[in-house]
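Novice: Pasting a predicted model and its sequence here:
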Amino acid sequence: MAHRIAFLGFVALAVCASLSLAADPANLQDFCVADASGNTRMNGLACKNPAMVQASDFAFSGLHIPGNTSNAVGSRVTPVAVTQIPGLNTLGISMVRIDYAPWGINSLHTHPRATEILTVIEGSLEVGFVTSNPENRHITKILKKGDVFVFPVGLIHYQRNIGYGNAVAIAALSSQNPGVITIANAVFGSKPDISTDLLAKAFQVDKSVSSQNPGVITIANTIFGSKPDISTDLLAKAFQVDKSVVWQIQAMF
Ligand SMILES: *[C@@H]1O[C@H](CO)[C@@H](O)[C@H](O)[C@H]1NC(C)=O
C-alpha cells in the first residue's frame, strides 16, 4: 500500500513537473554560450568551449541610444536576444528597447515562443492584446511612465504612443529567441504571395479591396472582430491604409 501511494505521488509529481516546463527547456549546465561557428543543429545553438568564454559573451552596449522611428509605423524595436548576446543561449530570456514617435505604433504582432512583460520608461502608451477564438476579447489599457503590462505568449498584441512627445519602453521576453510574426507582413507580404482568392475569402472582402490595398486586412476575426474594437487609427497605420477602409472591414465583422 505504502509503495502504491509513493508510486502515485511520484506519478503526480512527474505530471506536475512536465506541466510546469517553461517556454525554453531547462538548462543542465551553468551556461552554454552560443558558438557562432558551430554547425551542430539542435534546439538552440551549440555551446562554445566554457574555457574560452569571456565577459563580453554576456554583455551588450548601447541600449541608451534611441532607435530611429522615421518609418511608416513610427516605432523601432532594438532587440537584445541571443543574436546580440551569445551568452543568452539556453537561458530562456531576452529583452528589447522600443522607441515610439508621437502616435507611433508597434504594430500587431505575436511572439510564438515568449510571454512579454513591458514597462514604460518615458511617455504614455495604449497597449492591448486579443484573446484566441471564439471570444477574441480585446484587453487594453493606458500605461504611463513606470507602469508594467504583460502580453501572454502567442497572443496578438500592440502598443501605441498616445502622447505628443516620444515614448520609450523596455520589455523582457521569456525566450532567448522569442520570434516575431508581424500580422500585416506575414499575411500580405509573404514571398511568394498567398493567393488573392484565398485572402479575399478569408477576410470576406471584395478581391479588389485586397489587391488594391495589400496589407489591409489580417487574421480577420481577431483583428477586425475583436470586442471591443481595436482603434481604427491604429489599424489604419498597421496596414498602411486609409481609415475608411478599416471602418469598411470592421463593419463586416
Ligand atoms: C533614420 O531613418 C531614415 C529613414 O530610413 C533615414 O533617412 C535617416 O537618415 C535615419 N536617421 C538617422 C539619425 O540615422
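Specialist: Thanks, I have the structure now. Numbers count the residues shown, from 1 in each chain.
Novice: What are the buried residues along the host helix or strand of T140?
Specialist: Here T140 sits within strand 138-144, counting by DSSP states H and E. With burial defined by 16 or more other C-beta atoms under 10 Å, the residues of strand 138-144 counted as buried are H138, I139, T140, L143. In this view, the C-beta of every residue, glycine as well, is placed from N, C-alpha and C.
Novice: Show the contacting residues for the last one.
Specialist: Yep, that's L143 we're talking about. V120, S124, L125, E126, V127, F149 (C-beta atoms under 8 Å, 6 or more residues apart in numbering).
Novice: So for the strand holding T140, mean pLDDT?
Specialist: For strand 138-144, mean pLDDT rounds to 97.
Novice: that older thread, show me which of the contacts of L143 is closest to V245.
Specialist: E126 (21.1 Å; C-beta to C-beta).
Novice: Tell me the predicted confidence for the closest one.
Specialist: At E126, pLDDT is 98.
Novice: try N166
Specialist: pLDDT, read off for N166, is 98.
Novice: Please apply the same query to L19.
Specialist: pLDDT, L19: 45.
Novice: now A184
Specialist: 86.
Novice: Which neighbouring elements make contact with the helix or strand containing it?
Specialist: Assigned by DSSP H and E, A184 belongs to helix 183-188. Using 3 or more C-beta pairs under 8 Å, 6 or more residues apart in numbering; DSSP states H and E, the elements in contact with helix 183-188 are strand 105-110, helix 232-239.
Novice: Buried residues, the helix or strand that comes right after the first one. List them.
Specialist: Sequence-wise, the next helix or strand downstream of strand 105-110 (DSSP H and E) is strand 116-122. For strand 116-122, burial by neighbour count (16+ other C-beta under 10 Å) applies to E116, L118, V120, E122.
Novice: Thank you, goodbye.
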